[in-house]
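> Return a 3D structure for these sequence lines:
(one chain, ligands or ions: 1)
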Amino acid sequence: MSTEFAGLKAVVTGAGSGIGLATAKMLAAGGAHVYGLDIAEGGLAGTAEWLSCDVGDDASVAAAFSKISALDIVINGAAISAVGNVEANTSDEWARVMNINVTGIARVCRHALPLLRKSKSPSITNVCSVAATAGIPKRALYSATKGAVLSLTMAMANDYVAEGIRVNCVNPGTADTPWVQRLLAQAADPAAEKKALEARQPMGRLVSADEVARALCFLASPLQGAITATSLEVDGGMQGLRIPK
Ligand SMILES: NC(=O)c1ccc[n+]([C@@H]2O[C@H](COP(=O)([O-])OP(=O)(O)OC[C@H]3O[C@@H](n4cnc5c(N)ncnc54)[C@H](O)[C@@H]3O)[C@@H](O)[C@H]2O)c1
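Residues are numbered from 1 along each chain as shown. Here you go, the predicted structure:
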């Protein structure tokens, strides 16, 4: 068993499922005590201490953090999807998704920072997306939130570098998680839609939740004390490669 995270305490938001759950499991396997902040316990039993928390709500985040007295690592993974072009979503939907995907990170970090300042190896790692840097069809609102997460990551990295608090993000491509399974289930032809998603990534496959979790754990690790203001793609080459047809 690895001891990379032994003695450290980590908050993972969106920890009940998919990428968050894989990350919570990896941090716990490395010796961390993990607080899983999620609206649902999901698969957390036996891995992390589930704290029921809606990152879209001030009181809910405050209540979760009232149970945490020490903290070294924050992984901001909670987010929700939005589908459609810029005409597709109402202003209320824009406000709701921005509130969870972007303001949710600020809300969690506001509570986390006083605790992180007491840590010897503090880090914040945000789950961003290839949608922050590549134009993905029919994802206007979702992409706007992830563009904001990328900018927020860089601004926060600057604000806290003098205090030794590292801030980075991981940009996954399409990952094989319950989120994508839900999207596929809504498609007219789920098998064809899955093939199209796989083909969009130069490696010809979806990335796994574990591959994204591994990158999040790498950036959050106390062994990576020199990495800040980095966005790390885990996207099967989707952002960086242009494959001739
Ligand atoms: N799956 C992908 O293809 C993909 C690609 C790029 C980025 N991402 C990002 O990865 C992260 C995790 O996605 P996933 O695919 O594992 O999704 P998922 O749906 O499997 O897991 C998301 C988790 O977030 C929780 N959650 C949702 N709203 C919440 C709220 N208001 N407060 C607290 N928890 C909340 C859910 O209960 C769930 O457990 C998200 O930030 C997503 O934008 C996913």
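
> Run a quick neighbour tally on whatever residue of the chain ends up closest to the ligand.
For the chain, the residue positioned closest to the ligand under CB to the nearest ligand atom is Gly18, at a distance of 2.1 Å. (Each C-beta comes from the backbone N, C-alpha and C, glycine too.) The local packing of Gly18 (other CB atoms under 10 Å) involves 23 other residues.

> what do you get for Ala229?
15.

> and what of Met156?
For Met156, using other CB under 10 Å, the count is 23.

> now swap in Arg200 and tell me
Other residues within reach of Arg200, judged by other CB under 10 Å, total 18.

> Ser66 too?
10.

> confidence score at it?
On the pLDDT scale, Ser66 is placed at 98.

> isn't Pro202 right next to Gly237, touching?
Yes: taking contacts as CB atoms under 8 Å, Pro202 lies within contact range of Gly237: 3.6 Å.

> who's in contact with Val149?
Asn101, Val102, Ile105, Asn126, Val127, Cys128, Ser129, Ala132, Cys169 (CB atoms under 8 Å, 6 or more residues apart in numbering).

> Can you give me the buried ones in the helix or strand hosting it?
For Val149, the enclosing helix or strand under DSSP states H and E is helix 140-160. Buried residues in helix 140-160, counted by 16 or more other CB atoms under 10 Å: 140-150, 152-154, 156-157, 160.

> Leu113 against Val167, yeah?
No: look at Leu113 against Val167 with CB under 8 Å: they stay out of range, at 10.5 Å.

> list residues touching both of these two?
Tyr160.

> and those two? which has more neighbours close in?
Each of Leu113 and Val167 has its neighbours counted (other CB under 10 Å); Val167 has more, 26 against 18.

> Which strand or helix spans the more buried one?
Per DSSP H and E: Val167 is located in strand 166-172.

> Show me what that strand packs onto, helices and strands only.
With contacts taken as 3 or more CB pairs under 8 Å, 6 or more residues apart in numbering; DSSP states H and E, strand 166-172 sits against strand 123-127, helix 140-160, helix 209-220, strand 231-234.

> Next, the angle from that strand to helix 140-160.
160 degrees (axes from the mean of the first three to the mean of the last three CA atoms, to 10 degrees).

> mean confidence score for strand 166-172?
Taken as a whole, strand 166-172 has a mean pLDDT of 99.

> Paired strands for that strand, with orientation please.
Pairing partners of strand 166-172, with direction, according to DSSP bridges: strand 123-127 (parallel), strand 231-234 (parallel).

> Kindly compare burial across the ones you listed and name the winner.
Across these, averaging neighbours per residue (mean count of other CB atoms under 10 Å) puts strand 123-127 on top, at a mean of 28.

> Relative to the whole chain's centre, how far out is that one?
Relative to its parent chain, strand 123-127 has a centroid offset of 7 Å by CA atoms, centre = their mean, to the nearest Å.

> Please save the CA atoms from that strand in CSV.
Extracted as CSV, the C-alpha positions of strand 123-127 are listed here (Å, rounded to 0.1, in the frame of the first residue of the first chain):
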residue,chain,number,x,y,z
SER,A,123,-3.0,22.2,-2.7
ILE,A,124,-6.2,22.8,-4.6
THR,A,125,-6.8,20.9,-7.8
ASN,A,126,-9.9,21.7,-10.0
VAL,A,127,-11.6,19.3,-12.4
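
> quick one: average pLDDT of it?
In the prediction, strand 123-127 has an average pLDDT of 99.

> where along this protein do the strands fall?
Taking DSSP state E, the strands of the chain run over residues 9-13, 33-38, 49-52, 73-76, 123-127, 166-172, 175-176, 207-208, 231-234.

> What does Thr90 show for phi and psi?
Main-chain dihedrals, Thr90, degrees, to the nearest 10: phi -70, psi 170.
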